[in-house]
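K.L.:
Can you look at this prediction? I've put the sequence above it.
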Amino acid sequence: MSDIAEDESLLLSAARAGDEAAFAALWSTAQRQAFGVCYHLTGNRADALDALQDTQLAAWKGLGAFAGRAPFRVWVLAIARNASRAVIRRRSPGGVLFSEVEEETAVAGPFEDTVAEMSDLRRALTVLPESHREALLLWAGGLTYEQTASALGVPLNTVRVWIHRARKRLQAELAEV
């Protein structure tokens, strides 16, 4: 067992016993990526923060159920995905994954270029099937194919195909912009 896995195991044991500092240390390893997943799935910061808070609470309450077959971070990202979906369902009756992105006005400089590129990417992400988008976001967020498959609860080869198709479709969509 690696030092990181040992540290995580010790922190998990302490957190399960009610040690909030141990949970905070575990949470700090996953929080940034969990926010990224929440943000990209909900489409805005306010909903992402709601989903992130739901994720943190669910992780704390669910520590006893965490089997440890995957790293804590992977488990948290799966919770973040589900929390984001719940926020989306609460937000709109149709459960639209992304809110409408306002059309960009005149682009004047590097910051505006970055904003326009982000807007183009967000629009391109909306055309992907939900499963492909989720797999791509988890993988692009730093998970391995294996961890992404575990987080989504699907076979490894399925994740590889979804990510491949998502990347090809994004390239095509962004080339049209």
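P.N.:
Great, that's in hand. Residues are numbered from 1 along each chain as shown.
K.L.:
Ser119 versus the residue nearest the centre of the chain, what's the distance?
P.N.:
Closest to where the C-alpha atoms of the chain average out (C-alpha atoms, centre = their mean) is Val37, at 2.0 Å. Using C-beta to C-beta, to the nearest Å, Val37 is found at 19 Å from Ser119. (C-beta placed from N, C-alpha, C; glycine too.)
K.L.:
do the same with Glu20
P.N.:
From Glu20 across to Ser119, the span is 39 Å (C-beta to C-beta).
K.L.:
Which of those two has more residues huddled nearby?
P.N.:
Remark: of Glu20 and Ser119, Ser119 carries more neighbours, 15 against 11, as counted by other C-beta atoms under 10 Å.
K.L.:
mind checking pLDDT for that one?
P.N.:
For Ser119, the pLDDT comes out at 70.
K.L.:
Domain map for this structure?
P.N.:
1-95, 107-177 (automatic domain parsing).
K.L.:
worst average pLDDT in these?
P.N.:
Taking the mean pLDDT of these, domain 107-177 comes last: a mean of 81.
K.L.:
ok now that one, how far from the chain's centre?
P.N.:
11 Å (C-alpha atoms, centre = their mean, to the nearest Å).
K.L.:
Spatially, what comes nearest to Arg85 if we skip its sequence neighbours?
P.N.:
If the residues on either side of it in the chain are set aside, Arg85 comes closest to Leu41, at 7.2 Å by C-beta to C-beta, 6 or more residues apart in numbering.
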